[in-house]
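Engineer: Give me coordinates for this.
(2 chains)
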Amino acid sequence: GAVVSQHPSWVICKSGTSVKIECRSLDFQATTMFWYRQFPKQSLMLMATSNEGSKATYEQGVEKDKFLINHASLTLSTLTVTSAHPEDSSFYICSAPLAGGQNEQFFGPGTRLTVL
Amino acid sequence: QKEVEQNSGPLSVPEGAIASLNCTYSDRGSQSFFWYRQYSGKSPELIMSIYSNGDKEDGRFTAQLNKASQYVSLLIRDSQPSDSATYLCAVTPSGTYKYIFGTGTRLKVLA
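Structural biologist: Residues are numbered from 1 along each chain as shown, chains lettered A, B, ... in the order given. Below you'll find the model as predicted:
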């Protein structure tokens, strides 16, 4: 399968600071990437769709000014959590579908964010 | 509201038995169906994809799709303790390539 990486794997920050998470497709190009959030004992919730060269599309209820997404190249999408608060503490996971495939999404290893 | 439902479990089976996991979905026009395995603290890993009615086998795993009844299932034969994880069903509804995930079923395989 295709390989997707994320960095960092975990981060602890103070309330009010911003945190950037990177998602890379290592062996394929991804014009689209997805960002999910997962709280403990819950399923994955789609936050936004990242589109290379254009604006991200956000799911209902997700604040686009708080969760900034940039997809500047065919292999890199970034998610910046601005002015993070303790309620933003979660497991953030990105995924990318393989072009020409049948919509299978390959997931990065995830980033655990803890906001103090 | 397009939904995907799974029994949260835990589903406990003895080692060597068959584990049967089920998933129902609300959008009749859904086209693509996926099963992912997620270990605690890790991200989901793709196990199977299925797109047409019937069975699809891959090793110890068999996915079954019945679009008329709007359900998809996953059978795990010869279950091993290492199969203990949460199994997520994902569906792409009609007109979109985005996933809707079920809540997941926690499987425990008892040695």
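
Engineer: for the chain, which spans come out with low pLDDT?
Structural biologist: No chain specified, so I'll use chain A. Within chain A, the stretches falling below the threshold (pLDDT under 70) are A:1, A:100-102.

Engineer: Let me rephrase: I mean chain B.
Structural biologist: Across chain B, the ranges flagged by pLDDT under 70 are B:1.

Engineer: in chain B, which spans are strands?
Structural biologist: If you assign secondary structure with DSSP state E, the strands in chain B sit at B:4-5, B:11-14, B:19-25, B:32-38, B:45-50, B:54-58, B:61-66, B:71-76, B:85-92, B:100-101, B:105-110.

Engineer: Export those strands to CSV and append columns for distance to chain A and mean neighbour count.
Structural biologist: The way it works is simple: take the backbone N, C-alpha and C, and place the C-beta from them, glycine included. Written out in CSV, the entries for those read as follows (distance: least, C-beta to the nearest C-beta, whole Å; neighbours: other C-beta atoms under 10 Å in any protein chain shown):
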stretch, distance to chain A, mean neighbour count
strand B:4-5, 9, 18
strand B:11-14, 16, 14
strand B:19-25, 12, 21
strand B:32-38, 5, 23
strand B:45-50, 5, 18
strand B:54-58, 12, 11
strand B:61-66, 13, 18
strand B:71-76, 14, 20
strand B:85-92, 5, 24
strand B:100-101, 5, 22
strand B:105-110, 9, 18
